[in-house]
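Engineer: Sequence and computational prediction follow.
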Amino acid sequence: KGDVAAFADRIARPQHEVLSVLRAAALAQGKGTPWTMVWRELAFAIGGGEVDLYDEIIGKMLQSPLAGYLMTDSENNDRVYRPRHERIREVLEREPLLLLTRQRTLRARRVAEPVATVHARIAAELASAADEAPQWYARKYAVVHAAKGNSLTDETIPRSFLKWEASGQVRSLLGLPIQS
């Protein structure tokens with residue numbers, strides 16, 4: 001709790017923006033979220049505001065004591081980040097407001113919305129740029145986020161995105177039989 005507040009004060013950003021970055025790492029699929037473009041998109045989907053500011057927060061966070069809350073791994077030849085401990089992930093997923101000491105604003109409540117709502121927003125954000133080749137994370141996990149958000153629909157995952165989809169799970173996540 002105090003660590004999030006101290007870091008937010010040090011970088012002169014609201015606590016809910018820092019919480020958005022941490023929650024994005026906790027809700028990432030696979031081995032974690034890559035920093036390259038994706039982490040900021042996940043944080044933006046969670047917290048709203050200005051997408052570019054999240055890159056700055058992530059960069060400063062990785063040079064701060066909060067970096068100790070995260071571990072790194074590798075997926076698809078990218079460094080990815082996720083919470084170091086399961087309890088940290090659980091709090092960020094289910095009770096993120098416990099980490100705020102103040103600033104319980106409308107934006108903070110948005111950050112703390114139910115996990116299914118947040119997954120639906122993440123899926124929509126990841127699939128929104130379907131006209132251009134999305135990052136590997138979006139190709140592999142957008143439909144998984146949509147399924148976790150109970151929003152695996154044409155509205156969340158447009159047909160134009162399906163040509164990029166790489167998880168191979170669309171039919172099974174929709175409960176359809178696998179075709180051979």
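Structural biologist: Looks like it came in fine. Residues are numbered from 1 along each chain as shown.
Engineer: tally of neighbours for Arg87?
Structural biologist: 9 (other C-beta atoms under 10 Å). Placement of C-beta: from N, CA and C, glycine included.
Engineer: Distance of it relative to Ala146?
Structural biologist: According to C-beta to C-beta, to the nearest Å, Arg87 and Ala146 sit 27 Å apart.
Engineer: Over to Glu17?
Structural biologist: Distance from Glu17 to Ala146, by C-beta to C-beta: 25 Å.
Engineer: ok, the closest residue to Gly149 other than its chain neighbours to Ile57 distance?
Structural biologist: Nearest residue to Gly149, sequence neighbours excluded (C-beta to C-beta, 6 or more residues apart in numbering): Ala120, at 3.0 Å. Using C-beta to C-beta, one obtains 23 Å as the distance from Ala120 to Ile57.
Engineer: Next, count neighbours for the nearest residue to Thr153 once chain neighbours are set aside.
Structural biologist: Leaving out its chain neighbours, the residue that sits closest to Thr153 by C-beta to C-beta, 6+ apart is Ala146, at 7.6 Å. The local packing of Ala146 (other C-beta under 10 Å) involves 26 other residues.
Engineer: now do the one 3 residues further on
Structural biologist: Residues contacting Gly149 under the criterion other C-beta under 10 Å number 20.
Engineer: Please tell me I have it right and it contacts Ala123.
Structural biologist: Yes: between Gly149 and Ala123 a contact is recorded at 5.7 Å, counting by C-beta atoms under 8 Å.
Engineer: Give me the common contacts of those two.
Structural biologist: Residues touching both Gly149 and Ala123 (C-beta atoms under 8 Å, 6 or more residues apart in numbering) are Thr156.
Engineer: Doesn't Ala123 belong to a strand?
Structural biologist: No: judged by DSSP: H, G, I helix; E, B strand; the rest coil, Ala123 forms no part of a strand; its state is helix.
Engineer: What separation is there between it and Ala26?
Structural biologist: In terms of C-beta to C-beta, Ala123 sits 16 Å off from Ala26.
Engineer: Looking at the strand or helix carrying Val143 now, give me its mean pLDDT.
Structural biologist: Following DSSP states H and E, one finds Val143 within helix 136-148. Across helix 136-148, pLDDT averages out at 93.
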